[in-house]
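1. Dropping a prediction and its sequence here:
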Amino acid sequence: MTPPLIDPFQRAISYLRVSVTDRCDFRCVYCMSENMTFLPKRELLTLEELDRLCSAFIRMGVRKLRITGGEPLVRRDIMTFFRGMTRHLEAGALDELTLTTNGSQLARFATDLYAAGVRRVNVSLDTLDEDKFARVTRWGRLPQVLRGIEAAQAAGLRVKLNAVALKGFNEDELISLTEWCAAHDCDLTWIEVMPMGDLETEDRIGQYWALSDLRAQLAQTYTLTDLPERTGGPARYVRLEETGQKIGFITPLTHNFCESCNRVRVTCTGELFMCLGQEDNADLRSPLRASDHDAPLEEAIRAAISHKPKGHDFDYSRQTQGGQMTRHMSHTGG
Ligand code: SAM
Ligand code: SF4
């Protein structure tokens, strides 16, 4: 038996998020600049290396795997990787295989994803207005994403929408997005915008909208009941009594979830980030490429987890001003 991964604060690592590409078919204003330089292919982990890496983490106790990016569904042949992970679901070693996607390619892949064992997808959608959607994603088209969501649900996938809360942009859609989700049987989670990447974000989009304020606005229309549910991550949930809907709030700028953090992230180049909000990382690509055996890889993972920090600091002390991270979100994977 491979011993489980326990960090210095006695937190067991059971959740791995893996970015499989830095590329994307959208250019969301809070995530990427218009002209991105992407990594050369040799820098990326191959699909085989991704399989070895995820399988090693699963051997060491990871029970939930989330695939992200960039846009994971634009990675060439990504279904081969998903199908490879099916064996861990079937063996009972993995509880959940899931992904975060912009939805643009879902119509094409929904059935295959279901067949590979995926049961839930997070689709990022900040607005239901076609013009605003084109503005915030720069290259995205809303009808394509809506068709993707429809295809996902038809294939049997449970869809959760993730919306980034942007003051002066989707504030006016708080109720309409909630109602749309109720009508389409989707869960909805709001994400506070994070200071990621060095973006020349337009003034009118990307303004910080505190979720405490969003929540207060929601409470003017609905009766909110806090749910005790904890995922080990930064999400908190409420139930809307009038509709029975579950609404989540992800507030990465607060520290209130670090104590129970059960997760780590790996970038598409094999850097293991022990904490989204810290620069400290470990190179897993070298041990993967140095040997066909997994012992050096496992050793590197264990050594890194023994340095997992207590918490992040999106404020003033350890980082540059405002805790700003120089990495783009598409690099670490959201
Ligand atoms: N392309 C996929 C997508 O959009 O769902 C997966 C990767 S994307 C980086 C993952 C999530 O990060 C998305 O929900 C996106 O809205 C969110 N995100 C990107 N930049 C962000 C930022 N600066 N602050 C908060 N959330 C951000
Ligand atoms: Fe692409 Fe997702 Fe970033 Fe938007 S948030 S640019 S869809 S990676």
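-> Everything's here; your move. Ligands and ions are numbered 1, 2, ... in the order given.

2. can you map out the helices along the stretch 201-334 of the chain?
-> 211-218, 285-290, 295-305, 329-332 (DSSP state H, counting those that start in this stretch).

3. give me the beta-bridge partners of the residue lying closest to residue 211 once chain neighbours are set aside?
-> Nearest non-adjacent residue to residue 211, counting by C-beta to C-beta, 6 or more residues apart in numbering: residue 249, 4.6 Å away. All C-beta spots, glycine's among them, are computed from the backbone N, C-alpha and C. Counting by DSSP bridges, residue 249 forms beta bridges with residue 190, residue 236.

4. you'd agree residue 249 is up against residue 227?
-> No - in this structure, residue 249 is not within contact of residue 227 by C-beta atoms under 8 Å, at 11.0 Å.

5. Common neighbours of these two, please.
-> Common contacts of residue 249 and residue 227, defined by C-beta atoms under 8 Å, 6 or more residues apart in numbering, comprise 236-238.

6. Provide the secondary structure category for residue 114.
-> helix (DSSP: H, G, I helix; E, B strand; the rest coil).

7. ok, now which ones touch it?
-> Here residue 114 is in contact with 155-157 (criterion: C-beta under 8 Å, 6+ apart).

8. Equivalent analysis for residue 18, please.
-> If you count contacts by C-beta under 8 Å, 6+ apart, residue 18 has them with 50, 53-54, 65-68, 265-266, 333.

9. mind giving me JSON lines with the shared contacts of residue 249 and residue 227 and columns for distance to residue 116 and neighbour count?
-> What follows is those, written out as JSON lines (distance: C-beta to C-beta, whole Å; neighbours: other C-beta atoms under 10 Å):
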{"residue": "236", "distance to residue 116": "30", "neighbour count": "22"}
{"residue": "237", "distance to residue 116": "27", "neighbour count": "17"}
{"residue": "238", "distance to residue 116": "32", "neighbour count": "20"}
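
10. of all the residues in the stretch 1-150 of the chain, which ones are close to ligand 1?
-> Contact residues, the stretch 1-150 of the chain versus ligand 1 (C-beta under 6 Å from any ligand atom): 24, 30-31, 68-69, 71, 100-102, 124.

11. does residue 18 count as helix, strand or coil?
-> strand.

12. who's it bridged to?
-> Beta-bridge partners of residue 18, as defined by DSSP bridges: residue 67, residue 266.

13. ok, it to ligand 2 distance?
-> Residue 18 is 14 Å from ligand 2, where distance means C-beta to the nearest ligand atom, to the nearest Å.

14. which strands and helices sit next to the top strand by length along the chain?
-> Identified as the longest strand of the chain according to DSSP state E is strand 158-167. Strand 158-167 is packed against strand 120-124, helix 142-154, helix 174-183, strand 187-192, strand 207-208, with contacts defined by 3 or more C-beta pairs under 8 Å, 6 or more residues apart in numbering; DSSP states H and E.

15. among the helices of the stretch 201-334 of the chain, which is the most enclosed?
-> Mean neighbour count (mean count of other C-beta atoms under 10 Å) peaks for helix 329-332 among the helices of the stretch 201-334 of the chain, with a mean of 24.

16. So in terms of bridging, what pairs with the residue of the stretch 151-300 of the chain found nearest ligand 2?
-> Taking C-beta to the nearest ligand atom as the measure, the stretch 151-300 of the chain has residue 164 as its residue closest to ligand 2, at 8.0 Å. Residue 164 has the following beta-bridge partners by DSSP bridges: residue 191.

17. got the contact list for it?
-> By C-beta under 8 Å, 6+ apart, the contact set of residue 164 is 30, 124, 126, 170, 190-193.

18. now with 6 Å?
-> Applying C-beta atoms under 6 Å, 6 or more residues apart in numbering to residue 164 gives the contacts 126, 191, 193.

19. Contacts only, for the last one.
-> To tie it back to what came earlier, the one meant is residue 193. Counting by C-beta under 6 Å, 6+ apart, residue 193 has contacts 30, 164, 208.

20. For residue 288, state which of the contacts of residue 164 is nearest.
-> Nearest to residue 288 out of the contacts of residue 164 is residue 191 (C-beta to C-beta; 31.0 Å).

21. thinking again about what came up before, out of the helices of the stretch 201-334 of the chain, flag the one nearest ligand 1.
-> helix 329-332 (3.4 Å).

22. could you give the mean pLDDT of the closest one?
-> Averaged over helix 329-332, pLDDT sits at 60.

23. Ok, stretch 100-119 next?
-> 98.

24. start the count at 286, not 1, going forward
-> Yes, from this point I'll number from 286; that puts the last item at stretch 385-404.

25. Give me the buried positions along that stretch.
-> Neighbour counts over stretch 385-404 (16 or more other C-beta atoms under 10 Å) mark 385-392, 394-395, 398-399, 401-403 as buried.

26. Show me which of those is closest to ligand 2.
-> Using C-beta to the nearest ligand atom, residue 387 is the member of the buried residues of stretch 385-404 that lies nearest ligand 2, at 3.5 Å.

27. where does the protein dip in pLDDT?
-> By pLDDT under 70, the weakly predicted segments of the chain are 286, 480-491, 538-542, 597-619.

28. Quick one: name the residues of the stretch 286-435 of the chain near ligand 2.
-> By C-beta under 6 Å from any ligand atom, the residues of the stretch 286-435 of the chain that approach ligand 2 are 309, 311-313, 316-317, 354-356, 387, 409.

29. Fine by me, thanks again.
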